[in-house]
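Trainee: Here is my input, please return the structure:
(chains A, B, C and D)
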Number of protein chains: 2
Amino acid sequence: MAEPSTRTVERALVLLGAVCDAGSLTLADAARETDLSASTALRLLRTLEGTGFVRRDALGTYRPGLRVVQLGAQALGHESLVSLAEPALERLVERTGESSYLSVPSHDGEGVYLAMREGTHSVRHASWVGRSIPLEGTAVGAVLTGGHQGDGFVVVRNGVETDVTAIAAPVSPGGRVVAALSVVVPSYRITEAEARRIGALVAREAAALLMEPDTGTVPLTEDLTGEPV
Amino acid sequence: MAEPSTRTVERALVLLGAVCDAGSLTLADAARETDLSASTALRLLRTLEGTGFVRRDALGTYRPGLRVVQLGAQALGHESLVSLAEPALERLVERTGESSYLSVPSHDGEGVYLAMREGTHSVRHASWVGRSIPLEGTAVGAVLTGGHQGDGFVVVRNGVETDVTAIAAPVSPGGRVVAALSVVVPSYRITEAEARRIGALVAREAAALLMEPDTGTVPLTEDLTGEPV
DNA sequence: GCGTGTATTTCACTGATTGAAACGTCCTTT
DNA sequence: AAAGGACGTTTCAATCAGTGAAATACACGC
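Mentor: Next comes the predicted model:
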């Protein structure tokens, strides 16, 4: 019941994390960073290297390997992203009462809804998983194409779809935007101020999506549904 | 000199790879797949779970964890070739309408797609970042393994993937091939002459990839080589 | 020259890792 | 209902794989 976790593997994984965090790490630095003796760090890094999880450049410093990229991309491809995002969508709907979406870039300058949760208001935005959306003139598009904005979210009022206001924020681990979280609201019932509040909420959920469950939870007492209590 | 690699870590990494490959794997399947005893597999998967590299869903099956996505994105972000190649891929798609790829050699004698841009034709080649491809019998492989060719590009018609023609050119600063740029076309709509025309285009983009826009010189500060030897 | 920092190898020690076995549970089969 | 099988889990003694201090070799700066 305790935690029969293997020390060796844990150390190797910490080491891998250190290399990926730093982007480039010398053996001595890696050993220092992880509180390992140089010989141990070397041995572990060698097996990471042999399996493609790290690689050495010409100068001998360690860098993230292709296996990491490969597995990361695979993980994103499968429904992993969707299942990771589902709780966040759930919370967004709960907090705002509005329809919430997870989208990724597809091709031809379009995006696709990968997952959604319908809002609870009887008048709500409705769409479906698999629906493609243009990246031009939409909040999701602005986020996915990476034009970074001040507050970490984008609000587009009456853009491609008239009558609705879209609020989107990027899921961007390590600086690369891989997906967007968004909330779509009928414009008539939302003010600028409320849009910004929801924006902050979406941005926080998006940022927390790929963080540890512990540090990632966002306690929020505020009620943004506008529904009678 | 031999290979003082740690068995435990290797096993754990193989296990991680198996889970990511399958997308979803039960303990027994994982143990079978990796030739481990159930108890060992369980222990290793538990430490992978504790570090966020895998997670268990409601039914108890193992899935890729968010740490994998995190590190993958970070690793991609540190891959300078990707951002350098993206405009070139964009132009290739724009000029040819066909899916275009950037690939690099991986540790196990294969290649990996590091970046891609889907074509605009409705019938197009489709793949994904992180996909591995054999080096034998492919245009990308011929380029990456360095067999130097006359025109600076390689055309392989109906090779490993039947029905498609692949056209690849090397990115080789200082003579050393570090990556390949390629365009993949459904064979039925391309003639020899057109393939050569696209080949010249790909070769030009590949050659220009590491050059300063204005000076036409290769800055070469950073190390782009993935593999020792 | 000397000193400092690094990467690497060696090796004796030991405790972390291992896998068979046993157990409980949930199925399907008879 | 009973029997069979598959799976997840726990336990535990044996041992072997991982450990880290120390020695070696190399590169650099002063």
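
Trainee: Now do the nearest residue to residue A:46 once chain neighbours are set aside, the pLDDT please.
Mentor: The shortest distance from residue A:46 to any non-neighbouring residue, by C-beta to C-beta, 6 or more residues apart in numbering or on different chains, is to residue B:5 (5.8 Å). All C-beta atoms are positioned from the backbone trio N, CA, C, and that covers glycine. On pLDDT, residue B:5 comes in at 74.

Trainee: Once you drop chain neighbours, what's closest to the residue nearest the centre of chain A?
Mentor: For chain A, the residue nearest the mean C-alpha position is residue A:171 (3.0 Å; C-alpha atoms, centre = their mean). Using C-beta to C-beta, 6+ apart and skipping the chain neighbours, the partner closest in space to residue A:171 is residue A:179 (4.3 Å).

Trainee: close enough to count as contact, the one you found and residue A:106?
Mentor: No - Residue A:179 is beyond contact range of residue A:106, at 11.5 Å (criterion: C-beta atoms under 8 Å).

Trainee: So for these two, which sits in the more crowded spot?
Mentor: Counted by other C-beta atoms under 10 Å in any protein chain shown, residue A:179 and residue A:106 do not tie: residue A:179 has more neighbours, with 27 against 15.

Trainee: what's the residue nearest to the centre of chain A in contact with, if anything?
Mentor: A:85, A:177-181, A:206-207, A:209-210 (C-beta atoms under 8 Å, 6 or more residues apart in numbering or on different chains).

Trainee: Now for the residues you listed: which two are most distant?
Mentor: Pairwise distances across these peak at 14.3 Å for A:85 and A:177 (criterion: C-beta to C-beta).

Trainee: domains for chain A, by residue range?
Mentor: As assigned by automatic domain parsing, chain A contains the domains A:7-72, A:79-216.

Trainee: Lowest average confidence across the ones you listed, which one?
Mentor: Sorting these by mean pLDDT places domain A:79-216 lowest, at a mean of 90.

Trainee: Please list the residues of chain A that sit near DNA strand D.
Mentor: By C-beta under 7 Å from any atom of the strand, the part of chain A that sits against DNA strand D consists of A:1, A:4, A:7-8, A:11, A:36-40, A:43-44.

Trainee: ok, back up a step: so which of the domains of chain A gets nearest residue B:136?
Mentor: Taking the domains of chain A one by one with C-beta to C-beta, domain A:7-72 is closest: 18.4 Å.

Trainee: how far does that closest one sit from the chain's center?
Mentor: Centroid separation for domain A:7-72 versus its chain: 24 Å, with C-alpha atoms, centre = their mean, to the nearest Å.

Trainee: end-to-end on that domain?
Mentor: The first and final residues of domain A:7-72 sit 24 Å from each other (C-alpha to C-alpha, to the nearest Å).

Trainee: still on that earlier bit, now the residue nearest to the centre of chain A. Its backbone dihedrals?
Mentor: The phi and psi torsions at residue A:171 (degrees, to the nearest 10) take the values phi -100, psi 100.

Trainee: roughly how far apart are it and residue A:152?
Mentor: 11 Å (C-beta to C-beta, to the nearest Å).

Trainee: anything in contact with each of the two?
Mentor: A:206-207.

Trainee: Three-state assignment for the residue located most distally from the centre of chain A, please.
Mentor: Largest separation from the mean C-alpha position in chain A: residue A:39, at 36.1 Å (C-alpha atoms, centre = their mean). Here residue A:39 is helix, with the state taken from DSSP: H, G, I helix; E, B strand; the rest coil.

Trainee: circling back: quick one: which of the contacts of residue A:171 sit in strands?
Mentor: A:179-181 (DSSP state E).

Trainee: Just put those in TSV and tack on distance to residue A:18.
Mentor: As requested, these are exported to TSV (distance: C-beta to C-beta, whole Å):
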residue	distance to residue A:18
A:179	26
A:180	29
A:181	29
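
Trainee: Closest one of those residues to DNA strand D?
Mentor: If you rank the ones in strands among the contacts of residue A:171 by distance to DNA strand D using C-beta to the nearest atom of the strand, residue A:179 comes first, at 29.7 Å.

Trainee: Quick one: neighbours of whichever residue of chain A sits closest to chain B, just the number.
Mentor: Nearest residue of chain A to chain B: residue A:72, at 1.3 Å (C-beta to the nearest C-beta). Neighbourhood size, residue A:72 [other C-beta under 10 Å]: 29.

Trainee: Ignoring the adjacent residues along the chain, who's closest to it?
Mentor: residue B:72 (1.3 Å).

Trainee: Throw the domains of chain A into CSV and include distance to residue B:49, thanks.
Mentor: Listed next are the domains of chain A as CSV, based on distance: least, C-beta to C-beta, whole Å:
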stretch, distance to residue B:49
domain A:7-72, 11
domain A:79-216, 12
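
Trainee: Kindly present these as a markdown table, with separate columns for distance to DNA strand C.
Mentor: As requested, those are exported to a markdown table (distance: least, C-beta to the nearest atom of the strand, whole Å):
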| stretch | distance to DNA strand C |
| --- | --- |
| domain A:7-72 | 3 |
| domain A:79-216 | 22 |
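
Trainee: What are the boundaries of the strands in chain A?
Mentor: Counting by DSSP E, the strands of chain A are A:54-56, A:62-64, A:99-105, A:110-117, A:132-134, A:154-157, A:164-171, A:179-186.

Trainee: between the ones you listed, which gets nearest to residue B:101?
Mentor: strand A:99-105 (16.4 Å).

Trainee: need the contact list for residue A:183.
Mentor: Taking C-beta under 8 Å, 6+ apart, we find residue A:183 in contact with A:92, A:96, A:98-101, A:166-168, A:198, A:202.

Trainee: returning to what we had before: which of the residues of chain A next to DNA strand D are buried?
Mentor: A:8, A:11, A:36, A:40, A:43-44 (16 or more other C-beta atoms under 10 Å in any protein chain shown).
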